[in-house]
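Colleague: return a 3D structure for these sequence lines:
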Amino acid sequence: MTEQPKRALFAADSITAPLQHGVFRRIWLASLLSNLGLLIQGVGAAWAMTQMTSSADKVALVQTALMLPIMLISMPAGAIADMYDRRIVALISLSIALVGATALSVLAWLGLVTPQILLAFCFIVGSGMALFGPAWQSSVSEQVPAEHLPSAVALNGISYNIARSFGPAIGGIVVATAGAVAAFAANAVLYIPLLVVLFLWRRTSEPSRLPRERLNRAIVSGVRYIANSPSIRIVLARTLVTGLIGGSVSALMPLVARDLLHGGAQTYGIMLGAFGMGAVIGALNIGELRKRMSGEAAIRACALSMAGAIAAVALSRQPVLTAAALVVAGAVWMLAIALFNIGVQLSAPRWVAGRSLAAFQASIAGGVAIGSWGWGHLTDAAGVETALLVSATLMCVSPLLGLWLRMPRVGARNEDAEVLADPEVRLSLTGRSGPLVVEIEYRVAQESARAFHGVMQEVQLSRQRNGAYGWSIARDIADPELWTERYHCPTWLDYLRQRNRSTQSERALHQRAMDFHLGPDPVRVRRMLERPFGSVRWKEDTPDRAANEVLPVATAAGSST
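Modeller: Now for the predicted structure:
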């Protein structure tokens, strides 16, 4: 390849740019194989269920069993991804999925699989992948630079959907020629390359000078961050609705092949392949769509296009027309999910990236899992065609959500700010000392009171999502220029974390608040121990706490509250 085409191939805005990074390229290729195996197993499980039962409800439950674990354990999985080495977490989670796939293969080979056993092992495989997802997705930002992150997110979507284009068709052939047991075994074998690549990845990370959070506190921190981040909340709500409505396509695909097209396993595989092919087309055009349309306009266009495609699938009885409609549905589904994913990736700072992406996974997987259950029940009651037409109608009206939950504008990644020096401490403290009360006094001109109060509402969200609680802002009735911001942190260690979780944009926001301050004296900050009992000696001769119990002071420059 000549130098000029090579530069064009790996240009910063090119979809292939992340592939120039060796670690990302190897993991991406290996994940392509694992996705291929997962899709082959999905075909085998869904078709095996259609052979064991005629209930549309149980057929749809295969999709639920695979997706429900993502909803149930995604937040713990995200917290684990943020707390521990993401490479190790990925290896353990893939091992769980491998064990589940291997056990299912053995049981199928022995002829011991029942609908309940099939659903149980689909749940185990889904649990392994649910644990794997946040660790894998949040590590993408460690494999590529920030300017390549949107393309890397799109490429990961392409990886799954290239597999979706060929995996179901291959799965259909495998099931038709060798049975479901061969599909389950193929999935187990195709996990191995990704395990090897992750094992060989020499991930570099900077260890935190602060102790690791406990799992329950880490989950609470993640939920608190999301609850106080309006942009992420909106993206997650729109993702959930899209999954609830759009999940009808994947959940009812076996029944579309069997009842509407009167085909077999191979027809089912081809239909899934058409959907996956469309998704690849969509992922390849994500960059162009982001250039031409705002996030809200793009999501509306995707919803309306998908509504038309689902309606076409419901009404068509010709495999060619159904496949064409599924190509469109796959393209707009991928575009919408990629837009949601990028929105979360670029909004969340690194310390909570795994938990934010876990919440995104829970939203889409929970929507698909719950929706699949609902579409299965509706199909039992009214038929496949009616269920799909209801889904198309709901998808058509879903853009109205934009009137209340407008998609936020997404810019560059919100990078972490530099580490701040710890405040001066003359009282012996341990990490568990607390609660800590912080009071910050501002002197603000009376004519600027309204503008200052508006900025402080944004500061409130910033403090709370990073770990503070009990936030308030008060104005002195005897001295109207004097304002006092007050908030709590559970412990001294939580306060140190809260100070250093701020991103660059949040530090800029805090500086905007301080810029309102008048006079030659700086903003006054008080940090107080609310329950000082542990810092008071029982007796005069009681020794002070050991010096090594006091947390060290950081050496990095910087000052903030």
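
Colleague: element containing the closest residue to residue 233 other than its chain neighbours, please.
Modeller: Excluding its sequence neighbours, the residue lying closest to residue 233 (Cβ to Cβ, 6 or more residues apart in numbering) is residue 226, at 6.5 Å. In this view, the C-beta of every residue, glycine as well, is placed from N, C-alpha and C. According to DSSP states H and E, residue 226 maps onto helix 215-227.

Colleague: burial of the residue nearest to residue 233, as a residue count?
Modeller: Residues contacting residue 226 under the criterion other Cβ atoms under 10 Å number 22.

Colleague: pretty sure it sits against residue 360.
Modeller: No: look at residue 226 against residue 360 with Cβ atoms under 8 Å: they stay out of range, at 9.7 Å.

Colleague: what touches both of these two?
Modeller: Shared contacts of residue 226 and residue 360 (Cβ atoms under 8 Å, 6 or more residues apart in numbering): residue 236.

Colleague: give the contact list for residue 229.
Modeller: 347-348, 461, 465.

Colleague: looking at these, which two lie furthest apart in space?
Modeller: Across the contacts of residue 229, no pair lies farther apart than 348 and 461, at 14.2 Å, counting by Cβ to Cβ.

Colleague: and those two? Which one has more around it.
Modeller: Each of residue 348 and residue 461 has its neighbours counted (other Cβ under 10 Å); residue 348 has more, 27 against 16.

Colleague: just checking, that one touches residue 236?
Modeller: No: taking contacts as Cβ under 8 Å, residue 348 lies outside contact range of residue 236: 11.4 Å.

Colleague: helices along the stretch 1-150 of the chain, start to end?
Modeller: Using DSSP state H, counting those that start in this stretch, the helices of the stretch 1-150 of the chain run over 3-9, 22-52, 56-83, 86-109, 115-143, 149-178.

Colleague: can you tell me which of those helices the model trusts least?
Modeller: Here the helices of the stretch 1-150 of the chain differ in mean pLDDT, and the lowest is helix 3-9 at a mean of 48.

Colleague: quick one: the strands in the stretch 351-500 of the chain?
Modeller: For the stretch 351-500 of the chain, the strands defined by DSSP state E, counting those that start in this stretch cover 436-443, 469-475, 482-489.

Colleague: which of these sits closest to residue 398?
Modeller: Nearest of the strands of the stretch 351-500 of the chain (Cβ to Cβ): strand 469-475, 34.7 Å.

Colleague: which residues does the residue nearest to the spatial centre of the chain contact?
Modeller: In the chain, the centroid-proximal residue (Cα atoms, centre = their mean) is residue 357; its distance is 1.9 Å. Contact analysis of residue 357 by Cβ under 8 Å, 6+ apart lists 78, 133-134, 137-138, 341, 344-345, 348.

Colleague: how close does it sit to residue 365?
Modeller: Residue 357 sits 12 Å away from residue 365, going by Cβ to Cβ, to the nearest Å.

Colleague: next one: residue 238
Modeller: As for residue 238, its distance to residue 365 is 15 Å (criterion: Cβ to Cβ).

Colleague: would you agree residue 70 is in contact with residue 133?
Modeller: Yes: contact criterion Cβ under 8 Å: residue 70 and residue 133 qualify, at 6.7 Å.

Colleague: which residues do these two both contact?
Modeller: With Cβ under 8 Å, 6+ apart as the test, residue 70 and residue 133 both reach residue 361.

Colleague: element containing the closest residue to residue 309 other than its chain neighbours, please.
Modeller: Excluding the flanking residues, the one nearest residue 309 by Cβ to Cβ, 6+ apart is residue 329, at 3.8 Å. Assigned by DSSP H and E, residue 329 falls within helix 319-347.

Colleague: packing partners of that helix?
Modeller: The contact analysis (3 or more Cβ pairs under 8 Å, 6 or more residues apart in numbering; DSSP states H and E) places helix 319-347 against helix 115-143, helix 149-178, helix 230-246, helix 248-255, helix 265-284, helix 286-292, helix 295-315, helix 353-382.

Colleague: and of the contacts of residue 357, the nearest to residue 315?
Modeller: Distance to residue 315, by Cβ to Cβ, is smallest for residue 341 among those, at 31.2 Å.

Colleague: quick check: the gap between the closest residue to the closest one other than its chain neighbours and residue 315.
Modeller: Once flanking residues are discounted, residue 341 sits nearest to residue 153: 5.5 Å by Cβ to Cβ, 6+ apart. According to Cβ to Cβ, residue 153 stands 34 Å off from residue 315.

Colleague: so between the two, which is more surrounded?
Modeller: Comparing residue 153 with residue 315 by other Cβ under 10 Å, the one with more neighbours is residue 153, at 24 against 15.

Colleague: residue 225 and residue 375: what is the separation?
Modeller: Using Cβ to Cβ, residue 225 is found at 33 Å from residue 375.

Colleague: which one of the two has more residues nearby?
Modeller: Neighbour count, other Cβ under 10 Å: between residue 225 and residue 375, residue 375 has more, with 29 against 22.

Colleague: just to revisit the earlier point, surely the residue nearest to residue 341 and residue 143 touch.
Modeller: No: using Cβ under 8 Å, residue 153 makes no contact with residue 143, being 11.6 Å away.

Colleague: re earlier: right, and the helices of the stretch 1-150 of the chain - which one's nearest residue 353?
Modeller: Residue 353 sits nearest to helix 115-143 of all the helices of the stretch 1-150 of the chain, at 4.2 Å, using Cβ to Cβ.

Colleague: can you list the buried residues in that closest one?
Modeller: Under the neighbour-count criterion of 16 or more other Cβ atoms under 10 Å, helix 115-143 has 115, 118-119, 121-143 buried.

Colleague: dump the strands of the stretch 351-500 of the chain to TSV, plus mean pLDDT.
Modeller: Below are these laid out as TSV (pLDDT from 0 to 100):
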stretch	mean pLDDT
strand 436-443	94
strand 469-475	95
strand 482-489	95
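
Colleague: what's the closest of those to residue 201?
Modeller: Per Cβ to Cβ, nearest to residue 201 of those: strand 482-489, 35.8 Å.

Colleague: adjacent strands (with direction) for that closest one?
Modeller: Strand 482-489 has its sheet partners listed here by DSSP bridges as strand 436-443 (antiparallel), strand 469-475 (antiparallel).

Colleague: what comes into contact with that strand?
Modeller: With Cβ under 8 Å, 6+ apart as the test, strand 482-489 has contacts from 434-444, 452, 456, 459, 463-464, 467-476, 495, 498, 530.

Colleague: list the buried residues for that strand?
Modeller: For strand 482-489, a neighbour-count test (16+ other Cβ under 10 Å) marks 483, 485-489 as buried.

Colleague: where's that strand relative to the chain centroid, distance-wise?
Modeller: How far strand 482-489 lies from its chain's middle: 33 Å, per Cα atoms, centre = their mean, to the nearest Å.
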